[in-house]
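A.B. asks: Show me the folded form of this:
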Amino acid sequence: MPAARRDQILPLAVGGAAAAALGMVPLHRLPRPVQVAYVLVPAVLTATITYAAEGARSPRQVDGTATTPLAQAPARTPASASAAEDAQPTDGESSRSQPWFARFGLSVGLGAVVAGGGVAAIRIDHRVENALRSRGVPSPRLVIGLATGVLTVASVAIDDSGDSEG
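C.D. replies: Just a heads-up that it's a prediction; the model follows:
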């Protein structure tokens, strides 16, 4: 077995065990406030981080062309500093490439997608458990947890093998 593969065994095992443990939590049986938090906290965090990231990464606009982002900007010399002062946006020019409402709309949209995923997860969890119970599975939460762990390990292993090939 190559050394790179041996280094991945422990993280895969820990990740799979954690996913299996979390998969055994019956989401649909949690108290309603916990379910609401399960849906809203990730959605609000996604919306907030997206809004902030979109504002931070939008390049400055000067005469309709994007300038170099700060991370890629060359060092300033006295001559380039005076040229940069002349190129600053004036009265009607925006300092962002996207208006705030476009960033806000994108952020709210992504937050809504995450919230919808949370609601869907709770409903799917309930239906899968009921389907397993109706088929006579003695401990459906254990089966759901093990399936979650196996799927997590498989998806990470496949993703890692794709990264190492290319």
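
A.B. asks: hey, let's count contacts and neighbours off CA atoms from now on
C.D. replies: OK.

A.B. asks: Can you list the buried residues in stretch 145-165?
C.D. replies: 145-150, 152-153, 157 (16 or more other C-alpha atoms under 10 Å).

A.B. asks: Give me the contacts around that stretch.
C.D. replies: 12-13, 15-24 (C-alpha atoms under 8 Å, 6 or more residues apart in numbering).

A.B. asks: residue boundaries of the helices in this protein?
C.D. replies: Assigned by DSSP state H, the helices in the chain fall at 3-23, 32-57, 78-86, 100-134, 140-165.

A.B. asks: Columns mean pLDDT on top of the ones you listed, output as JSON lines?
C.D. replies: Below are the helices of the chain laid out as JSON lines (pLDDT from 0 to 100):
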{"stretch": "helix 3-23", "mean pLDDT": "81"}
{"stretch": "helix 32-57", "mean pLDDT": "90"}
{"stretch": "helix 78-86", "mean pLDDT": "54"}
{"stretch": "helix 100-134", "mean pLDDT": "93"}
{"stretch": "helix 140-165", "mean pLDDT": "86"}
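
A.B. asks: need the contact list for V39.
C.D. replies: 114-116, 118-119.

A.B. asks: From L30, how far out is it?
C.D. replies: 12 Å (C-alpha to C-alpha, to the nearest Å).

A.B. asks: can you list residues touching both of those two?
C.D. replies: Counting by C-alpha under 8 Å, 6+ apart, nothing touches both V39 and L30.
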